[in-house]
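Undergrad: Predicted model and sequence below, questions to follow.
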Amino acid sequence: MLRTFLSGFLVVFALNGASHANELKTCIAQVAQMDAGNKRAFHTGMRDLIVREAPQFEELAGVYQDHQMALVDQRLRQLQYLLFTNPQQLSVDETVSKLTNYDWNELDTARMAKVAPEYKALTERIAGLEARNNAHPDWPKLRAFVAKDLSANKEFEALKTKLWNGRDAANAHLKSCRGG
């Protein structure tokens, strides 16, 4: 009888532990989505601001935004993949910055491509956008414009503040995932 009780207790304990682990992973995935959304909003705002302040860069600002959005999508997909396949590669005990700055290697890429064939297409799209962006004759001018002219722009400062506030909210959510 004691043996039956202990076996039942261990099963319930193991199931509760697995349930908690899944809840934690789901919560962390939500944090990653929040962070990606914040970054997307920032890059959309940057594109709009650049076009408004320097319409001559409209085409390039669009290419740059597409590139940044694809990078955000790639990092989000990588994080989600690691979260459910190799969570020890992720730092979930600190900040969103630590969470989203994980190591990614060739083996991870190969494994991800096997389970998510669209990942290869995304990687190729990123490479194409990066090449198109970097080869654009106005790329150095746009970078100089952002560094010189937008750095003092109040709307640019507001975009950065919104990005950091979003990061703070994601950090608070990450802390709540851990019960804090």
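TA: Structure's in. What do you need?
Undergrad: In contact with residue 57, which residues?
TA: The neighbourhood of residue 57, defined by Cβ atoms under 8 Å, 6 or more residues apart in numbering, consists of 50, 51, 138, 141, 142, 145. C-beta coordinates here come from the backbone N, C-alpha and C atoms, glycine included.
Undergrad: got a pLDDT number for it?
TA: Note on residue 57: pLDDT of 98.
Undergrad: got it, and residue 107?
TA: Note for residue 107: predicted pLDDT of 91.
Undergrad: mind listing the helices for this structure?
TA: 2-53, 58-85, 96-100, 106-115, 118-135, 139-145, 154-177 (DSSP state H).
Undergrad: okay if I get the ones you listed as a markdown table plus mean neighbour count?
TA: Listed next are the helices of the chain as a markdown table, based on neighbours: other Cβ atoms under 10 Å:
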| stretch | mean neighbour count |
| --- | --- |
| helix 2-53 | 14 |
| helix 58-85 | 18 |
| helix 96-100 | 18 |
| helix 106-115 | 13 |
| helix 118-135 | 14 |
| helix 139-145 | 14 |
| helix 154-177 | 15 |
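Undergrad: before we move on, the earlier item: hmm, which two among the contacts of residue 57 are most spread apart?
TA: With distances taken as Cβ to Cβ, the most widely separated pair in the contacts of residue 57 is 51 and 141, at 14.5 Å.
Undergrad: Would you confirm that residue 67 contacts residue 126?
TA: Yes. With contact defined as Cβ atoms under 8 Å, residue 67 reaches residue 126; the gap is 6.8 Å.
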